[in-house]
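A.B. asks: Predicted model follows, preceded by the sequence.
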Amino acid sequence: MAVISTNIAANSAVRYLNMNSVDQSSSLSKLASGSRITKASDDAAGLAISTRISSDVTALTQAATNASHGTSILQTADGGASNISDMLQRMKALASQSVSGTVTDSERAYIDAEFSQLAEEIDGISESTRYNGASLLDGTSDFANGMVVVVGSNATSDTIKVTIDALTTSALDITAATDEAPASLIGSASGYDASGGDVSFTVNGTSVTLSTTGGTASDGVYTADDIATAINTALGTSTVSASVDATTGKLTLSNTATGSAAGITIAGTGSFDVADLGFDDTSSTGRDAGTTLSVATQDGAQAAIDVIDAAIDKVSSARANIGALESRFEFRSNTIATSIENLDAANSAIKDVDVASESATLAAAKVKTQASVAAAAQANQMPQELLKLLQ
């Protein structure tokens, strides 16, 4: 029906013009942003997944930085430990030189001067080996008890605990004499049968006899308590005493003295072996606290060699632990890099716009918009054409 009051054709043309204009603007936005999701309505589920993936990528990027810092800390610590190891080897060389009979006591004093300076420098290095202001090798930082480094998107489970051993002279036990031993000797025998003949042994040089007429029933059969009683009776007021653990029933020799006087030695007499009493260790040598290692004498140099060997083993163990952690961080860094790459690829498949496809969509929307404009122009001319009917 031809009317001039309402231009239905024009209204329809304008409606399509608006729709095509929106499509054209949407395509332009996608092409300009590089993302096919410029608003939530474009793909609500895809937007949620993409946001989560982007969050994980952000966390992993920081985790890669954390892993790099962890590696740097370990490399710094290993550098200090390496220097300490070199100094210990030099100290062992000096001790070996001093213990040799080819040098005199005067020369040993010169050797001891360097030896002492190196011992002091070990503490200097352990304290001055720092990362971000924290000393790594003196046992004062959090790394001594274990520092947790986050190396993943989950801060609770994706962690590596970094523990660095203290390498001070105290921790390496190179400031004390070598004659360190257990505070007590522990036997495992629950008793001994001496009914076949008297047996004797010594405790710190004092003779103890288990006779054929001794024991609880005076028949030569000794319980662990009977043996302890015999030892205590023989030792009298000595600082060494014997007892039986109420829980394990094991015979124990203890010394209440301190320092070098705290030693305990048990030895068989004649053909008797104290192993029959359950003693695997037969001596426990006391030491004086704070005694500094010295190579000024042959005996001191010999003692120093044993201590330094043990210290070298401790440093080697600490460096092995550091190296193992470094290797772990390196593999984790590679894993993080791979995860970031794969997540970026997955996110791209969800979010990134297909430029070729969207360009085609834009071209189509542009043509439709132009056609809508032309149609609207033609529709606006229709009322003018109808006026000719009135002429």
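C.D. replies: Cool, the structure landed. Remember, predicted model here, so these are calculated numbers, not experimental data. Numbering: from 1, shown residues only.
A.B. asks: right, and Ala63 touches Asn154 too?
C.D. replies: No. In this structure Ala63 lies outside contact range of Asn154 using C-beta atoms under 8 Å: 9.6 Å. Every C-beta, even on glycine, is put in place using the N, C-alpha and C of the backbone.
A.B. asks: Tell me which of the two has more neighbours.
C.D. replies: Ranked by neighbour count (other C-beta atoms under 10 Å), Ala63 and Asn154 place Ala63 first, with 26 against 12.
A.B. asks: so the more buried one, which of the three states?
C.D. replies: Three-state assignment for Ala63 (DSSP: H, G, I helix; E, B strand; the rest coil): helix.
A.B. asks: got the contact list for it?
C.D. replies: Under the criterion of C-beta atoms under 8 Å, 6 or more residues apart in numbering, the neighbours of Ala63 are 150-153, 158, 336.
A.B. asks: What is the nearest of the residues you listed to Ala267?
C.D. replies: When those are compared for distance to Ala267 (C-beta to C-beta), Val151 wins out at 56.5 Å.
A.B. asks: any idea how far Ala64 is from that closest one?
C.D. replies: The gap separating Val151 from Ala64 is 8 Å, by C-beta to C-beta, to the nearest Å.
A.B. asks: pLDDT below threshold where in the stretch 201-350 of the chain?
C.D. replies: By pLDDT under 70, the low-scoring segments of the stretch 201-350 of the chain are 258-260, 285-292.
A.B. asks: all strands of it, in order?
C.D. replies: For the stretch 201-350 of the chain, the strands defined by DSSP state E, counting those that start in this stretch cover 206-210, 221-223, 240-244, 251-255, 264-268, 283-284.
A.B. asks: quick one, which of those is nearest to Ser126?
C.D. replies: Across the strands of the stretch 201-350 of the chain, closest to Ser126 is strand 283-284 (C-beta to C-beta), at 30.1 Å.
A.B. asks: If the most centrally placed residue in the chain is in a bridge, with which residues?
C.D. replies: Compute the mean C-alpha point of the chain, and by C-alpha atoms, centre = their mean the closest residue is Val162, 2.3 Å away. Beta-bridge pairing for Val162 (DSSP bridges): Met147.
A.B. asks: pLDDT score assigned to it?
C.D. replies: Predicted confidence (pLDDT) for Val162: 93.
A.B. asks: go on, the one 5 residues further on?
C.D. replies: Looking at Leu167, its pLDDT is 93.
A.B. asks: Tell me, how many residues neighbour it?
C.D. replies: Neighbour tally, Leu167, other C-beta under 10 Å: 29.
A.B. asks: now Ala246
C.D. replies: 6.
A.B. asks: Distance check, it against Glu341.
C.D. replies: Per C-beta to C-beta, Ala246 is found 64 Å from Glu341.
A.B. asks: same deal with Ser283?
C.D. replies: 63 Å.
A.B. asks: Compare those two and say which one has the larger neighbour count.
C.D. replies: Each of Ser283 and Glu341 has its neighbours counted (other C-beta under 10 Å); Ser283 has more, 15 against 11.
A.B. asks: Not counting its neighbours along the chain, what's nearest the more buried one?
C.D. replies: Leaving aside its sequence neighbours, Ser283 sits nearest to Thr265 (C-beta to C-beta, 6 or more residues apart in numbering; 4.6 Å).
A.B. asks: So that neighbour sits against Phe201, correct?
C.D. replies: No. Between Thr265 and Phe201 there is no contact under C-beta under 8 Å: 10.5 Å.
A.B. asks: Show me which of those two is the more surrounded one.
C.D. replies: More neighbours surround Phe201 than the other of Thr265 and Phe201, with 24 against 15 (other C-beta under 10 Å).
A.B. asks: hang on, isn't the more buried one packed against Val274?
C.D. replies: Yes. Under the criterion of C-beta under 8 Å, Phe201 makes contact with Val274 at 5.4 Å.
A.B. asks: would you turn the strands of the stretch 201-350 of the chain into a markdown table with distance to Ile122?
C.D. replies: Listed next are the strands of the stretch 201-350 of the chain as a markdown table, based on distance: least, C-beta to C-beta, whole Å:
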| stretch | distance to Ile122 |
| --- | --- |
| strand 206-210 | 42 |
| strand 221-223 | 50 |
| strand 240-244 | 36 |
| strand 251-255 | 31 |
| strand 264-268 | 32 |
| strand 283-284 | 28 |
